[in-house]
Structure formats: structure tokens, C-alpha cells
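A.B. asks: Below are the sequence and a predicted model; questions follow.
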Amino acid sequence: MNTIQKRKRIRVLAFILAFTLCFSTPFTFETHAEDLKQKQKDLESDLSDLNQDKAALGKELSSAATSLNSIVKEIETTRKELDLAKAREVGQYEMMKKRIQYIYEESSGNFFTMLLESKSMTELLNRADFISTVSEYDRKMLEKLQSIHQEIGEKEKELLSQQAEMEKQQKNLTESYNQLTSLISSTSSELEKYKEQIAAAEAAKKAAEAAKKENESSLNTENSSDSGDTSKPNEDANSKPQEKPSEKPNDNTDHNTEKPQKPSDNTELALFAAILECEAGSTDYDALLAVATVIMNRKESPKYPDTITGVIYQSGQFSPTWTGKLDKVLERGAKPLCYTVAQDALNGARHSAVKNCYSFRASYTGHDGIIIGDNVFF
């Protein structure tokens, strides 16, 4: 009765485990993948809008630069005109002084002298009219030049104000353009991360579905073996004693084989061995143990999942889970040395050099850390 009850309990527990793996886990991974895909679509939409804004801002910035260049050229032309007007004003003033000096020197600077020197009233009036005309001309020319000088000065002032405003606008546009460029870059990086997470979620989903099938198969096998056990007592009672010894050697032959094991032999051990081969090859015990130590460190840390499967399939961590490399190794079975290292790690073996490490990368990346095999640990 105790044996039967124990078997019933095992079947119930196996059924619950299979039910959980069959229905909850794949659904969870699928839901997670759908959420990630929706976020990816949102990011792609945001990225498209940002690129459109950047293009429009780039055109506006180009137009502002063109306008600014035009204003700068106009200021240069205005300054040349202003310099020319100043030169003309100075020239006109010098000529006016010379004419006034000549008139007064010729007439000895006295109206009565000019009156005495004039031979007739007509000559006197002509001289006076000439002096008045020349003076009036000089005065008007001087006023005209002063007016031109003032207009050019005001124009230059206005253009300088426009230049300052355009430079400010160009600065603001440049800052906005740089911010958009930075935002586009960060959005693109975030989008790539989501793509990696989606790939990891898809890989985890496949692994969960494979685990589901495997547990269903294991459950069916156990049920069939249990049903076979119930019929054995009667058969054994009538069977010959000589037939039993011939069955046991066949049970041990598979355990001593050197061929790679399939995932169905032991799901977690097979997965552990496969990821070790993917990350560290299959010929260097130290390199394999170093990777195994990191995985076990994560499993035992509260910051990471508490199962080897959870650690390996944690989103965005081990690239073979989403590149398909892990699936291929699982399909054919990991190399014997990888199984040995995985079992040693499960039994407590650790690489002393990386006992405090939780991450590793390919050594060619140049990352600081402890190099073992082709990886650097930190």
C-alpha cells in the first residue's frame, strides 16, 4: 500500500508540474513576447516621427543659415557704403572750407572791400549772389551727405540687430537638431535592445514548449511503467528465476556510453552542458568550469533567477538562446566533457579565479577582467 500511495503521489506531482509547464510557462513567454513586440512597434513609430522632425528641422536650419549669410553680406555692403558716404562727407566739407577760404581771401574777407572793388552794382550783386549760391550749395550738399550717412548708419544698426537675432535662432535650431539626433540614437539603441529581448523571449517560448512536450512524454512513460509494474507480480511469480539476471546488464549499458546525451536524458543537465559548450567550447575543462561557475553564482544570487534554466533564459543574457546555436547543440547533445563539467558544478565544483564573478564576455572585446580560455570574466 505504501508503495502504491507513493507512486500515486509521484504521478500527481508529475501531472501538476507538467500542467504548469504545458499551460502557464509558454503562455507567459508568449504574452511577454507580444508585449515586447508592441513596444517595438511603438518605438519604431516614435523613431519615424523623430526622423521626420529631424528632416524638417534640418531644412529650417539650412534656411536660417542661408538667411544669416545673406544678412552678413548685406552688412558688409552697407558698411562699405557707409565708409564711402563718410569719405564723401569729409571731402565735401574740405571743398566747402576751401571755397569759403578762397572767397574771403579774394574779397579780403570784407563786404565793403568787395563793394569798393566792384566796378558796378551789377558786378557787386553778381559776386554776392555767387557767394550765396556757393554757400547754399555747400550747405545742401553737406546736409544731404549727413542724411545719407544717418540712413546708412540706421540701416547698419538694423542689420546688426537682425544678424544677432538670426544667430540666436540658428543656435537654438542647432541645439534642437543635436538633441533630436541624440534622441534618435538612444531610441535606436533601445529598439535594438527590444529586438534582442524579443528574440530571447521567442527562444524561451520554444524552450518552454520543448519542456512541455518532454514532460508530457515523461509523464506518459511513467504512467506506462507504473501500469506495467502492477502486472509484474503475477508474471514474476510464474517466471523462471534464470530470466531476471539477463535484464539488468541492459539497464547499465546506456549509462556508461560516451556518446553525447540528448535533452531528454536530463533536461536541466542537458541544458547546462549545452550552454557551456556554446559559451566555452568543448575541450578546455577550466574554461568550461569558469562559465559554469558564473551560471551557478547567478543561480545562488537573489539578483538573478533561482534555477539554471531561469538563469540561462533570462532576457538579453546568453546570446545562444536567441541565435539558434543552443537549440542546435540541444538537438544533437552536448559533448561528454561539457556534461562532466556541468555535473561537477552541480556537485559543488567552482573555479577559484572567478568565484566572485557574475558576468563574462568574449576576450577580444578588451573588457577588463580575468581571462580564461576565450572569455574575460568580471
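C.D. replies: Thanks, I have the structure now. All values derive from a computational prediction rather than experimental measurement.
A.B. asks: Quick one: neighbours of residue 345, just the number.
C.D. replies: Counted with other CB atoms under 10 Å, the neighbours of residue 345 add up to 23. (C-beta placed from N, C-alpha, C; glycine too.)
A.B. asks: Quick check: it touching residue 295?
C.D. replies: Yes: counting by CB atoms under 8 Å, residue 345 touches residue 295, with 7.5 Å between them.
A.B. asks: Distance of residue 64 relative to residue 167?
C.D. replies: In this view, residue 64 and residue 167 are 9 Å apart by CB to CB, to the nearest Å.
A.B. asks: the more surrounded of the two?
C.D. replies: Ranked by neighbour count (other CB under 10 Å), residue 64 and residue 167 place residue 64 first, with 18 against 14.
A.B. asks: Secondary structure element holding the more buried one?
C.D. replies: helix 25-106 (DSSP states H and E).
A.B. asks: what's the overlap in contacts for residue 345 and residue 295?
C.D. replies: residue 272 (CB atoms under 8 Å, 6 or more residues apart in numbering).
A.B. asks: now stretch 98-108: mean pLDDT?
C.D. replies: Per-residue confidence for stretch 98-108 averages out to 62 on the pLDDT scale.
A.B. asks: Hmm, I typed the wrong one, I wanted stretch 157-175.
C.D. replies: Computed over stretch 157-175, the mean pLDDT rounds to 88.
A.B. asks: Output it as PDB, nothing but the C-alphas.
C.D. replies: C-alpha atoms of stretch 157-175 as PDB (Å, rounded to 0.1, in the frame of the first residue of the first chain):
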ATOM      1  CA  LYS A 157      22.200  99.100 -36.900                       C
ATOM      2  CA  GLU A 158      19.100  97.300 -38.100                       C
ATOM      3  CA  LEU A 159      21.100  94.700 -40.000                       C
ATOM      4  CA  LEU A 160      23.300  94.100 -37.000                       C
ATOM      5  CA  SER A 161      20.100  93.500 -34.900                       C
ATOM      6  CA  GLN A 162      18.800  91.100 -37.500                       C
ATOM      7  CA  GLN A 163      22.200  89.300 -37.500                       C
ATOM      8  CA  ALA A 164      22.100  88.900 -33.700                       C
ATOM      9  CA  GLU A 165      18.600  87.600 -33.900                       C
ATOM     10  CA  MET A 166      19.400  85.100 -36.700                       C
ATOM     11  CA  GLU A 167      22.500  83.900 -34.900                       C
ATOM     12  CA  LYS A 168      20.300  83.300 -31.800                       C
ATOM     13  CA  GLN A 169      17.800  81.400 -33.900                       C
ATOM     14  CA  GLN A 170      20.500  79.400 -35.600                       C
ATOM     15  CA  LYS A 171      21.900  78.500 -32.200                       C
ATOM     16  CA  ASN A 172      18.500  77.300 -30.900                       C
ATOM     17  CA  LEU A 173      17.900  75.300 -34.100                       C
ATOM     18  CA  THR A 174      21.300  73.700 -33.800                       C
ATOM     19  CA  GLU A 175      20.700  72.700 -30.200                       C
END
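A.B. asks: begin at 621 from here
C.D. replies: With the count now opening at 621, the last piece we talked about shows up as stretch 777-795.
A.B. asks: Give me the contacts around that stretch.
C.D. replies: Contact with stretch 777-795 is made by 677, 680-681, 684-685, 687-688, 691-692, 694-695, 698, as judged by CB under 8 Å, 6+ apart.
A.B. asks: Stretch 660-675 too?
C.D. replies: With CB under 8 Å, 6+ apart, stretch 660-675 has contacts from 797, 800-801, 803-804, 807-808, 810-811, 814-815, 818.
A.B. asks: Neighbours of residue 772, how many?
C.D. replies: Applying other CB under 10 Å, we find 19 residues neighbouring residue 772.
A.B. asks: about what we covered before: ok, of the contacts of stretch 660-675, which come out buried?
C.D. replies: With burial judged by 16 or more other CB atoms under 10 Å, the buried subset of the contacts of stretch 660-675 is 797, 800, 804, 807, 811, 814, 818.
A.B. asks: Which two among those residues are spaced furthest apart?
C.D. replies: The span of the buried ones among the contacts of stretch 660-675, defined through CB to CB, is set by 797 and 818 at 31.2 Å.
A.B. asks: Relative to residue 888, which of the contacts of stretch 777-795 is nearest.
C.D. replies: Distance to residue 888, by CB to CB, is smallest for residue 677 among the contacts of stretch 777-795, at 54.1 Å.
A.B. asks: Contacts only, for the closest one.
C.D. replies: Contact analysis of residue 677 by CB under 8 Å, 6+ apart lists 793, 796-797, 800.
A.B. asks: now those in TSV, with distance to residue 709 and secondary structure?
C.D. replies: As requested, the contacts of residue 677 are exported to TSV (distance: CB to CB, whole Å; DSSP: H, G, I helix; E, B strand; the rest coil):
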residue	distance to residue 709	secondary structure
793	41	helix
796	46	helix
797	46	helix
800	51	helix
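A.B. asks: any idea which of those residues is closest to residue 898?
C.D. replies: Where those are concerned, and distances follow CB to CB, residue 898 has its nearest neighbour in residue 800, at 40.1 Å.
A.B. asks: give me every residue that touches residue 958.
C.D. replies: With CB under 8 Å, 6+ apart as the criterion, the residues that contact residue 958 are 893-894, 896-897, 902, 908.
A.B. asks: what does residue 985 give?
C.D. replies: Taking CB under 8 Å, 6+ apart, we find residue 985 in contact with residue 996.
A.B. asks: ok, so what distance separates it from residue 939?
C.D. replies: In terms of CB to CB, residue 985 sits 13 Å off from residue 939.
A.B. asks: tell me, what's touching those two both at once?
C.D. replies: Common neighbours of residue 985 and residue 939, counting by CB under 8 Å, 6+ apart, are absent.
A.B. asks: Tell me which helix or strand in the chain has the weakest average pLDDT.
C.D. replies: helix 868-873 (a mean of 35; mean pLDDT, DSSP states H and E).
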